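1. here is my input; please provide its structure:
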Amino acid sequence: MKKFLAIYLGSGNKMKEWQPKEGEMEAAMQAWSKWATDNSANIVDQGSPLGKTKHIDKSGITDTHNELGAWTVVQAESYEAAAQMFENHPHFTMFPGESVEIMECLPMPKM
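-> Sure, this is the predicted structure:
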């Protein structure tokens with residue numbers, strides 16, 4: 001099985017401006033929990049939400065922003081199988097998230 005990093009994307013303003021109606025947040029969290037339970041055999045690390053961002057380069061450290069919202073590590077036989085795990089995910093069907101991107105976690109090159 002290959003490992004894949006899933007990145008949940010969404011513009012920060014959409015989440016900040018989201019005003020869920022009564023029961024909407026609870027329903028979304030229940031849907032996310034169901035997704036996690038349904039895919040538990042293939043979730044390597046459930047991950048977490050991501051906080052503020054710092055940019056570090058040879059010029060120093062600065063505040064910055066991006067659309068990264070959270071992450072999860074899953075395992076699957078192929079890109080297609082990993083991607084299918086996220087079809088109709090609550091991140092973008094119930095929450096105001098926009099998409100999920102996956103990338104294979106490659107082995108470190110030998111030195």
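2. rest of the way, CA atoms for contacts and neighbours
-> Fine.
3. need the contact partners of the least confident helix or strand in the chain by mean pLDDT.
-> The least trusted helix or strand in the chain, going by mean pLDDT, DSSP states H and E, turns out to be helix 12-17, with a mean of 74. Contacts to helix 12-17, defined as CA atoms under 8 Å, 6 or more residues apart in numbering, come from residues Asn66, Glu67, Pro96, Gly97.
4. quick check: mean pLDDT across stretch 53-67?
-> The pLDDT scores in stretch 53-67 average 95.
5. cool, stretch 74-91 as well?
-> Across stretch 74-91, pLDDT averages out at 96.
6. mind listing what's buried along that stretch?
-> Val74, Gln75, Ala76, Ala82, Ala83, Met85, Phe86, His89, Pro90, His91 (16 or more other CA atoms under 10 Å).
7. contacts for that stretch?
-> For stretch 74-91, using CA under 8 Å, 6+ apart, the contacting residues are 1-6, 8, 28, 31-32, 35, 39, 42-45, 97-100, 102-104.
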